[in-house]
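Participant: sequence and predicted model, in that order:
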Amino acid sequence: MKTYPMTINGKAIDTGRTLDVINPALGRPFAAVPAARPQDVDAAVAAARAAFPAWRATPHAARQAMLHALGGALEANMPELMDLITRETGKPLQGLNNVGSGMELGGAIAWTHVTADLPLEPEVIQDNDQARIEVHRKPLGVVASITPWNWPLMIAIWHIIPALRAGNTVVLKPSEYTPVATARFVELAQAVLPPGVLNVVTGGGDIGAALAGHADVNKIVFTGSTRTGKRIMEGAAASLKRLTLELGGNDAGIVLPGADVPAVAARLFGVAFHNNGQTCACLKRLYVHDSQYEAICNELVRLARAVRVGDGLDPQTELGPLQNRAQLDVVGTLAADAAAHGGRILSGGKARAGQGYFFEPTIVAGLSNGARLVDEEQFGPILPVIRYSDVEQAIALANDNPNGLGGSVWSSDLQLAAAVGKRLECGTVWINEHGAVQPDAPFGGVKQSGIGVEFGRHGLEEFTAIQTVKIMKH
Ligand code: NDP
């Protein structure tokens, strides 16, 4: 079994201990990474701190060229990185609606190039006889990036590239469930970046906490659960670290009356079940009008029974296993609770016997807000379909949740759908789509789904501090 390197200051570090990484399709380890110690966190932060002055002083064009070279390294190593992602996350190589490791790599490459090209020039607020006032964007220093297990490499790229583009240096801590592709990418990146600019520490949540609480870290960018996000925020208070938090979602979708059922159901199924529902902005609660409730449920059930579930390395597979046993247990508990509280399990409903962390794609009818499966984020292949009788009620039910990441409205009446969508309490609303993000449009949560945004100019600015320069002319 291969051990992938943990890179600090351009060098692979042997910590004397390793962590096994499990392939969730088999429930067995397939690779290992070094288990970081607290002194490794100190060394990584010190290396990033030492590399910061030269990296900050590197001209924009030179930094941009190096970031494009990182995009090139991702592209040149795509088959290897896709294979590692499928083995560590369980997600198929292609997958339902082409959402798989191929898309994770394709997204990582696209985000790298688009973010590298983002401008960051000063803004002129005033330039007259009295004074010239410029707003400059300066890097913050050392950025700690803490990433989850659902899209490990793509989310690492979402954190690292804007941080580096703005002139910061980075210490990355991947989830202990999925550190392999990230560790391999950081190793590849050393051929492009000066030592210390991008470092990685591999270990469990205690290593994440040590990094997030480190006195010499200036900003934390974190994607993961709301619970962990709150802990990180507490730790950040001591030195007033800057934060971007992209946390859980429990995204609602509302289907307005008069939908084309087969067409809409196929799209709804894709946006709820791709990556087995393990995406922050998957559709997680579906509100359907009385008049089409049974028809949409029936169509979703047909799709749930037809979708091919298996090992992600099999090219026929559309949905893989859950990424880890704890998440499999969460989904099983929510399914059992739904059945015990009036939910009708229309398809699936249980884990598969045999090896791996597989759960049958599950559609649940008959629940509403107040049931755990509706109120809590399931992060798995189980969708509650909730009946409503008027649109005002649907909007109120959709907004009745502490999360506010995304939301969607489905209708051929685009004006009406947009008017309903704007009343949803969420950071992004989609009309006839859900969860589609792109590198030039800001994305982030309101309420307890997070703080700040990622992507585009707005996301890039989160890795900077403003310096206002006022030059008097007389
Ligand atoms: P967490 O959110 O707890 O973990 C995400 C990252 O944070 C991991 O790298 C983790 O390390 C690290 N971490 C854990 N504890 C701390 C800490 N105290 N300080 C700093 N870093 C820490 O993931 P879970 O596995 O607990 O996720 C469970 C739930 O999170 C899911 O059910 C889902 O609801 C939500 N989730 C949301 C995601 C999103 O995209 N917004 C992605 C993944 C999960 P380690 O894994 O090594 O402990």
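Facilitator: Looks like it came in fine. The model shown is predicted, which means the values in this text are computed figures rather than measured ones.
Participant: ok, for whatever residue of the stretch 1-150 of the chain ends up closest to the ligand, nearest residue in space, not its chain neighbours?
Facilitator: For the stretch 1-150 of the chain and the ligand, the shortest gap (CB to the nearest ligand atom) falls at Pro148, measuring 3.3 Å. Quick note: C-beta positions are derived from backbone N, CA and C, even for glycine. Nearest residue to Pro148, sequence neighbours excluded (CB to CB, 6 or more residues apart in numbering): Gly224, at 4.4 Å.
Participant: and the gap between that neighbour and the ligand?
Facilitator: According to CB to the nearest ligand atom, to the nearest Å, Gly224 and the ligand sit 2 Å apart.
Participant: give me the neighbour count for Val469.
Facilitator: Val469 has 11 neighbours, counted by other CB atoms under 10 Å.
Participant: Three-state assignment for it, please.
Facilitator: Following DSSP: H, G, I helix; E, B strand; the rest coil, we place Val469 in the strand state.
Participant: wait, isn't it in contact with Glu134?
Facilitator: Yes. Assessed by CB atoms under 8 Å, Val469 is found in contact with Glu134 at 4.6 Å.
Participant: wondering if whichever strand or helix holds Ile207 reaches the ligand at all.
Facilitator: Here Ile207, judged by DSSP states H and E, is contained in helix 205-212. Yes. Helix 205-212 comes into contact with the ligand (CB under 6 Å from any ligand atom), by way of Gly205, Gly208, Ala209, Ala212.
Participant: one more: stretch 93-112?
Facilitator: No. Judged by CB under 6 Å from any ligand atom, stretch 93-112 and the ligand are separated, with a smallest distance of 12.8 Å.
Participant: okay, buried residues for that stretch please.
Facilitator: Across stretch 93-112, burial judged by 16 or more other CB atoms under 10 Å covers 93-96, 99-112.
Participant: mind listing residues that contact it?
Facilitator: 67-68, 70-71, 74-75, 78, 81-83, 85-86, 89, 91-92, 151, 153-154, 157-158, 161, 270, 273-275, 307, 312-313, 315, 317-320, 439, 455 (CB atoms under 8 Å, 6 or more residues apart in numbering).
Participant: just the helices in the stretch 151-300 of the chain please.
Facilitator: Using DSSP state H, counting those that start in this stretch, the helices found in the stretch 151-300 of the chain span residues 152-165, 180-189, 205-212, 226-236, 261-273, 293-306.
Participant: now render those helices as JSON lines, adding distance to Glu433 and mean neighbour count.
Facilitator: JSON lines is the format used below for these (distance: least, CB to CB, whole Å; neighbours: other CB atoms under 10 Å):
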{"stretch": "helix 152-165", "distance to Glu433": "19", "mean neighbour count": "27"}
{"stretch": "helix 180-189", "distance to Glu433": "28", "mean neighbour count": "24"}
{"stretch": "helix 205-212", "distance to Glu433": "33", "mean neighbour count": "21"}
{"stretch": "helix 226-236", "distance to Glu433": "25", "mean neighbour count": "17"}
{"stretch": "helix 261-273", "distance to Glu433": "7", "mean neighbour count": "21"}
{"stretch": "helix 293-306", "distance to Glu433": "17", "mean neighbour count": "18"}
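Participant: quick revisit: what's the helix holding Ile207 packed up against?
Facilitator: helix 38-57, strand 142-146, strand 169-173, helix 226-236 (3 or more CB pairs under 8 Å, 6 or more residues apart in numbering; DSSP states H and E).
Participant: now do it and helix 38-57, the angle between them.
Facilitator: Counting by axes from the mean of the first three to the mean of the last three CA atoms, to 10 degrees, helix 205-212 points 40 degrees away from the direction of helix 38-57.
Participant: can you count the residues close to Leu313?
Facilitator: 16.
Participant: sec struct for it, please.
Facilitator: At Leu313 the chain is in coil, as set by three-state DSSP.
Participant: ok, back up a step: number of residues surrounding the residue nearest to Pro148?
Facilitator: Quick note: Gly224 (other CB under 10 Å) scores 22 neighbours.
Participant: how close does it get to Gly100?
Facilitator: Distance, Gly224 to Gly100, by CB to CB, to the nearest Å: 21 Å.
Participant: tell me the contacts of the residue in the stretch 251-400 of the chain that the ligand sits nearest to?
Facilitator: Distance from the ligand to each residue of the stretch 251-400 of the chain (CB to the nearest ligand atom) is smallest for Cys280, at 3.3 Å. Listed by CB under 8 Å, 6+ apart, the contact partners of Cys280 are Asn150, Thr223, Glu246, Leu247, Gly248, Gly249, Leu405.
Participant: compare the residues you listed and tell me which has the most neighbours.
Facilitator: Gly249 (29 neighbours).
Participant: the closest residue to that one other than its chain neighbours and the ligand, how far apart?
Facilitator: Nearest residue to Gly249 in three dimensions, chain neighbours excluded: Leu405, at 3.0 Å (CB to CB, 6+ apart). Using CB to the nearest ligand atom, Leu405 is found at 8 Å from the ligand.
Participant: who touches stretch 424-433?
Facilitator: Residues from elsewhere that reach stretch 424-433, judged by CB under 8 Å, 6+ apart: 251-252, 267, 271, 281, 395, 398-399, 404-411, 414, 417-418, 421-422, 436-437, 443-447, 449-450, 453.
Participant: and these, which are buried?
Facilitator: 251-252, 267, 271, 281, 395, 398, 404-411, 417, 421, 437, 443-445, 447, 449-450, 453.
Participant: was I right about the residue nearest to Gly249 contacting Val453?
Facilitator: No. Using CB under 8 Å as the test, Leu405 is too far from Val453 to be in contact (11.3 Å).
Participant: check contacts around Thr317.
Facilitator: Pro92, Gly95, Arg308, Val309, Gly310, Asp311.
Participant: tell me if Leu346 really is in a helix.
Facilitator: No. Using three-state DSSP, the assignment for Leu346 is strand, not a helix.
Participant: how far away is it from Arg387?
Facilitator: Leu346 sits 13 Å away from Arg387, taking CB to CB as the criterion.
Participant: and Pro29, by the same measure?
Facilitator: Per CB to CB, Pro29 is found 45 Å from Arg387.
Participant: more crowded one of the two?
Facilitator: More crowded of Pro29 and Arg387, by other CB under 10 Å: Arg387, with 18 against 13.
Participant: so the more buried one sits in a helix?
Facilitator: No. Arg387 sits outside any helix when classified using three-state DSSP, being strand.
Participant: that one: what's it in contact with?
Facilitator: Tyr287, Val288, His289, Asp290, Tyr293, Ala365, Ser368.
Participant: now Leu334
Facilitator: By CB under 8 Å, 6+ apart, the residues touching Leu334 are Arg372, Leu373, Glu376, Gln378, Gly380, Ile382.
Participant: what about it, which helix or strand?
Facilitator: According to DSSP H and E, Leu334 maps onto helix 325-340.
Participant: one step back: which ones are touching the residue nearest to Pro148?
Facilitator: Contacts of Gly224 (CB under 8 Å, 6+ apart): Ile146, Thr147, Pro148, Ser175, Leu247.
Participant: could you do Gly248 as well?
Facilitator: Ser225, Thr226, Cys280, Glu377, Phe379, Asn403, Leu405, Gln448, Ser449.
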